[in-house]
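Visitor: Structural data only, the sequence is not supplied:
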């Protein structure tokens, strides 16, 4: 059987990894079609992924009334990006100005900073090229497909920005002078792109907007916490733990 997940999962127990292998085998042996699986997702979604989706939905609700787009920093397989897009399509289908702008190299980490040297170095993933998921074309195609299943489908909901975020983020902000942000999701893992994102995007976020952190206070990925502390954000609101998940946290700007 092929490896069910391309990245190591060092925080999962042997029992959890065995569960995933058995779930992969069950999906391959299933008599249901892909569409039947999609429409009965609770049969196939591990509880950890359901927990992340619930946490994401909870944070989205806190920012929903704030005008502006959602910026997703760190795309990987595209699950969070498309979840944001489908949340908008479900709750605010006619607000075509609320978009999801997602940044990633899609080629893994381009560089690391001294601030990224955690005690476990990201459990082997903290290296140049680490966390590579070259899926940008596939994600873009799926985003376009989902657009056909919502109102105002001729206006794309998702924009993928490929490249080193330390360069693409300042360029994007300079080229899009209209941009206002209601929710900033930070999952770059590393110091430099997280710091650039905070420096460039925070001035575009009004009171009540939300910043979501995936690895704040995480010893294996210390760069995100260093960038958070240096940004001065800790004096602008309370850093609250997300419901349902163990590593994610958020801040409502005051």
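Guide: Yep, that arrived. Quick caveat, the model's predicted, so the values are computed rather than measured.
Visitor: contacting residues around residue 87?
Guide: If you count contacts by C-beta atoms under 8 Å, 6 or more residues apart in numbering, residue 87 has them with 56-57, 60. C-beta coordinates here come from the backbone N, C-alpha and C atoms, glycine included.
Visitor: That one is in what secondary structure piece?
Guide: helix 79-91 (DSSP states H and E).
Visitor: Buried residues of that helix, list them for me.
Guide: 80-89 (16 or more other C-beta atoms under 10 Å).
Visitor: In this protein, which residue is most central in space?
Guide: In the chain, the centroid-proximal residue (C-alpha atoms, centre = their mean) is residue 80; its distance is 4.6 Å.
Visitor: before we move on, back to that, could you export the buried residues of helix 79-91 as TSV, including distance to residue 176 and pLDDT?
Guide: Listed next are the buried residues of helix 79-91 as TSV, based on distance: C-beta to C-beta, whole Å; pLDDT from 0 to 100:
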residue	distance to residue 176	pLDDT
80	21	97
81	18	98
82	21	98
83	23	98
84	18	98
85	18	98
86	23	97
87	22	98
88	18	97
89	22	96
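Visitor: tell me which strands and helices the helix or strand just after the helix holding residue 87 is in contact with?
Guide: For helix 79-91, the following helix or strand on the C-terminal side (DSSP H and E) is strand 100-104. Where contact means 3 or more C-beta pairs under 8 Å, 6 or more residues apart in numbering; DSSP states H and E, strand 100-104 is packed against strand 69-73, helix 79-91, strand 158-162, helix 165-175.
Visitor: and the first one, which residues are buried?
Guide: Judged by neighbour count (16+ other C-beta under 10 Å), strand 69-73 contains these buried residues: 69-73.
Visitor: Next, give me the two most distant ones among these.
Guide: Farthest pair in these (C-beta to C-beta) is 69 and 73. Separation: 12.8 Å.
Visitor: circling back: so who does the residue nearest to the centre of the chain touch?
Guide: Per C-beta under 8 Å, 6+ apart, neighbours of residue 80: 56, 72, 74, 185, 187.
Visitor: who wins for most neighbours among the residues you listed?
Guide: Within those, most neighbours by other C-beta atoms under 10 Å means residue 72, with 27 neighbours.
Visitor: That one against residue 99, yeah?
Guide: No. Residue 72 lies out of contact with residue 99 (C-beta atoms under 8 Å); the separation is 10.6 Å.
Visitor: closest one to residue 112 among the helices and strands packed on strand 100-104?
Guide: Between the helices and strands packed on strand 100-104, helix 165-175 lies closest to residue 112; by C-beta to C-beta that is 12.1 Å.
Visitor: by how many degrees do the closest one and strand 69-73 diverge?
Guide: Going by axes from the mean of the first three to the mean of the last three C-alpha atoms, to 10 degrees, helix 165-175 is angled at 160 degrees with respect to strand 69-73.
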